[in-house]
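K.L.:
Return atomic coordinates for the entry below.
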Amino acid sequence: MASSMSSSPSSLLLPLGSASEKKLYANHMAFSNIRAQAIIVRSSSCKTRKYSNGPDLVTRRDVMGLLFGVPIISLNSPDADGAGLPPEEKPKLCDDACEKELENVPMVTTESGLQYKDIKVGEGPSPPVGFQVAANYVAMVPSGQIFDSSLEKGQPYIFRVGSGQVIKGLDEGILSMKIGGKRRLYIPGPLAFPKGLTSAPGRPRVAPSSPVVFDVSLEYIPGLEDEEL
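P.N.:
Residues are numbered from 1 along each chain as shown. As a prediction, this is how the structure comes out:
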């Protein structure tokens, strides 16, 4: 895991390496509908496959057009939507009703010590190692205080799984998710931030090698359907 990720609050999730990987979505609202439903159109057979999680529709062409629209923004941009909101008003992936349901969801513990509960099991494929994923996340200290969130920035974050571009616990936790799935990750200190993260207005300090909690929603796996055409 790259050391800069743990030492710099502005690089919670590392910028990606290649030129194509440094592009994100140009239209925040359009891509947020991917959480509702993505339809993959196969041009050769005119067949479609649906990953359902709600009423809205976004075509693969729409998604890929958005994917390469604008450069990646800082994950701690002061202009991000939702920045500076009091904790009770910050957008979440798991609301109060979800929290109650999670109490009855069995905990899964992996060999590394990572634990997780599935808020919702997706219906699509899991991301192969080395593929890009587009995911929304809300990162918290164990007390529930949010220290980073893609929802506040108005767009999912793209990174390449299994390549050390994010903290180990997030990398491992998302590999077994499916498209459309939501999961709460209980990440132990050794899989989190070795150097910690400093505090900032509206953001708590993350102590070095301390446990953190991530709510994650796997929105899309750019390029995966291309391999299947």
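K.L.:
hey, where'd the strands end up in this structure?
P.N.:
23-24, 37-41, 48-52, 58-59, 70-71, 108-109, 115-120, 132-140, 146-149, 157-160, 182-187, 212-220 (DSSP state E).
K.L.:
for the ones you listed, which one ends up most surrounded?
P.N.:
With neighbours defined as mean count of other CB atoms under 10 Å, the strands of the chain peak in mean count at strand 212-220, which reaches a mean of 25. Quick note: C-beta positions are derived from backbone N, CA and C, even for glycine.
K.L.:
just checking, residue 195 touches residue 206?
P.N.:
No - Residue 195 is beyond contact range of residue 206, at 9.5 Å (criterion: CB atoms under 8 Å).
K.L.:
Comparing those two, which residue is more hemmed in?
P.N.:
Set residue 195 next to residue 206 and count neighbours by other CB atoms under 10 Å: residue 206 wins out with 25 against 15.
K.L.:
that older thread, redo the strands of the chain as a markdown table? Include mean pLDDT and distance to residue 97.
P.N.:
As requested, the strands of the chain are exported to a markdown table (pLDDT from 0 to 100; distance: least, CB to CB, whole Å):
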| stretch | mean pLDDT | distance to residue 97 |
| --- | --- | --- |
| strand 23-24 | 42 | 31 |
| strand 37-41 | 34 | 22 |
| strand 48-52 | 39 | 20 |
| strand 58-59 | 40 | 26 |
| strand 70-71 | 32 | 34 |
| strand 108-109 | 98 | 22 |
| strand 115-120 | 98 | 11 |
| strand 132-140 | 97 | 16 |
| strand 146-149 | 96 | 18 |
| strand 157-160 | 95 | 25 |
| strand 182-187 | 98 | 13 |
| strand 212-220 | 97 | 14 |
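K.L.:
So for residue 102, which of these sits nearest?
P.N.:
strand 115-120 (5.5 Å; CB to CB).
K.L.:
what helices or strands is that closest one leaning on?
P.N.:
Counting contacts by 3 or more CB pairs under 8 Å, 6 or more residues apart in numbering; DSSP states H and E, strand 115-120 is packed against helix 96-102, strand 108-109, strand 182-187.
K.L.:
circling back: make TSV from the strands of the chain and add distance to residue 171 to it.
P.N.:
Shown next, in TSV, are the strands of the chain (distance: least, CB to CB, whole Å):
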stretch	distance to residue 171
strand 23-24	19
strand 37-41	23
strand 48-52	22
strand 58-59	26
strand 70-71	23
strand 108-109	16
strand 115-120	13
strand 132-140	10
strand 146-149	16
strand 157-160	8
strand 182-187	10
strand 212-220	11
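K.L.:
In stretch 192-209, which residues are buried?
P.N.:
192, 193, 194, 196, 197, 203, 204, 206 (16 or more other CB atoms under 10 Å).
K.L.:
residues in contact with the first one?
P.N.:
In other words, residue 192. Listed by CB atoms under 8 Å, 6 or more residues apart in numbering, the contact set of residue 192 reads 167, 168, 169, 206, 209, 210, 211, 212.
K.L.:
Got phi/psi on it?
P.N.:
In terms of degrees, to the nearest 10, the main-chain angles of residue 192 are phi -110, psi -120.
K.L.:
Can you name the residues bridging to the nearest residue to it once chain neighbours are set aside?
P.N.:
The shortest distance from residue 192 to any non-neighbouring residue, by CB to CB, 6 or more residues apart in numbering, is to residue 212 (4.9 Å). Listed by DSSP bridges, the beta-bridge partners for residue 212 are residue 187.
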